[in-house]
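**Student:** Okay, sequence plus prediction incoming.
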Amino acid sequence: MITNLRQIDLNLLLVFDALMQEQNLSRAAVRLHLSQSTVSNALARLRNQLGEPLFQRTSRGMVPTPQAHAIYGPVRQALHLLRIGLGPQEEIDVESDLTFRVSMNDYAQAVFLPGVLSRLHAVAPRLVLSVHSDDADILVKRLGTGELDLAIDYLHFDDDELRYEPLREEELVVIASSNHREIEGQLTLSQYQNSYHVSVHPRAGRGSPLEIVLGSAKVQRKVQLFVPHYLAIPSVVSQTHLLGTVPKPLAEHFARQYSLQVFPFPLAMSPVQVSLIWHRQQDASVGLKWLRKQLSAITNPE
């Protein structure tokens, strides 16, 4: 490893970043608008300057070594800060090529994303969104390294480096099959507790707002099935005796398609707050300020 930054050509770090993302020489060359031989030569120079192999050629492509993984986070964050600091500071050109990397769960992608994309393209027709779905423990790290620009989520992290902006509130409701043998027309708290449920897996050990409310009220759910995504719940509920607790827009979206009963949650519960989440290093990013403003206007029209 180097001990003096003057020993390294910083342009080679852009090649390293592209190779870490693509793990393929030809795709990295396309990303960088360079020839494959130029990228290969740059990698050889970087290996020589760092004294590390960085990648191993395999049938699956360029596999990063443990050393490459160890330095990738700091390199990625440094490049990200340089792009912010050296980028435009006045305003963005909405007619130009804009790319943003946003994390949201499957529910938000299905119910929230189509309208957002339509409205964004009306303002910036060449805008590209790269949407990801991240576990809670990975989300903070990727926001910090700049691999993600923004997250839309209900989670709140005890991290002073993160910024939050309330985006919308979601009411939780309960869905049941229209053919449920014991529940029809109304749902009591006793029925809710005595029924079996389908639920999403906890995210990195973090309880959802629902679990927090149930725990405070000492209400127990008998979960018989855990699934990784919200979108699986309506289909499962429609064909079983299980109940599902989901955001109201999701229930309304699938109620007719799956012939579902939709009930108010049988316990006093505040709406779930969904927020925009970003890292403080993005405060100065003109592009991200613009995106946050657009998202807030779309979800909270005056």
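**Tutor:** Cool, the structure landed.
**Student:** Please count neighbours and contacts with C-alpha atoms only from this point.
**Tutor:** Fine.
**Student:** show me where the stretch 51-200 of the chain has helices.
**Tutor:** Assigned by DSSP state H, counting those that start in this stretch, the helices in the stretch 51-200 of the chain fall at 66-86, 106-111, 113-123, 136-145, 189-194.
**Student:** actually the stretch 201-302 of the chain, sorry about that
**Tutor:** Using DSSP H, counting those that start in this stretch, helices in the stretch 201-302 of the chain cover 209-216, 232-238, 248-258, 286-299.
**Student:** Mind checking the ones you listed for the one nearest to S178?
**Tutor:** helix 232-238 (7.3 Å; C-alpha to C-alpha).
**Student:** Mind putting the helices of the stretch 201-302 of the chain into TSV with mean neighbour count?
**Tutor:** Converted to TSV, these look like this (neighbours: other C-alpha atoms under 10 Å):
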stretch	mean neighbour count
helix 209-216	14
helix 232-238	21
helix 248-258	17
helix 286-299	16
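**Student:** Mean pLDDT added to the ones you listed, as a markdown table?
**Tutor:** Shown next, in a markdown table, are the helices of the stretch 201-302 of the chain (pLDDT from 0 to 100):
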| stretch | mean pLDDT |
| --- | --- |
| helix 209-216 | 71 |
| helix 232-238 | 95 |
| helix 248-258 | 91 |
| helix 286-299 | 86 |
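**Student:** just to revisit the earlier point, nearest to S285 among the helices of the stretch 51-200 of the chain would be which one?
**Tutor:** Nearest of these (C-alpha to C-alpha): helix 66-86, 5.7 Å.
**Student:** In TSV, list the helices of the stretch 51-200 of the chain along with mean pLDDT and mean neighbour count.
**Tutor:** Converted to TSV, these look like this (pLDDT from 0 to 100; neighbours: other C-alpha atoms under 10 Å):
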stretch	mean pLDDT	mean neighbour count
helix 66-86	73	14
helix 106-111	85	16
helix 113-123	89	14
helix 136-145	84	18
helix 189-194	93	14
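**Student:** Please name whichever of the ones you listed is nearest to P264.
**Tutor:** Comparing these under C-alpha to C-alpha, the one sitting nearest is helix 189-194, at 10.5 Å.
**Student:** List the contacts of the closest one.
**Tutor:** Here helix 189-194 makes contact (C-alpha atoms under 8 Å, 6 or more residues apart in numbering) with 183, 219-222, 243, 266-267.
**Student:** Could you tell me which of the residues you listed belong to strands?
**Tutor:** 222, 243 (DSSP state E).
**Student:** Scan the contacts of helix 189-194 and report the most crowded one.
**Tutor:** L243 (28 neighbours; other C-alpha atoms under 10 Å).
**Student:** ok, now which ones touch the residue minimising distance to the centre of the chain?
**Tutor:** Residue closest to the average C-alpha location in the chain (C-alpha atoms, centre = their mean): S103, at 1.8 Å. Residues in contact with S103, defined by C-alpha under 8 Å, 6+ apart, are 131-134, 139, 148, 150-152.
**Student:** now it: how far from S40?
**Tutor:** Using C-alpha to C-alpha, to the nearest Å, S103 is found at 32 Å from S40.
**Student:** Hmm, V102 and V128 touching each other?
**Tutor:** No. V128 is beyond contact range of V102, at 10.6 Å (criterion: C-alpha atoms under 8 Å).
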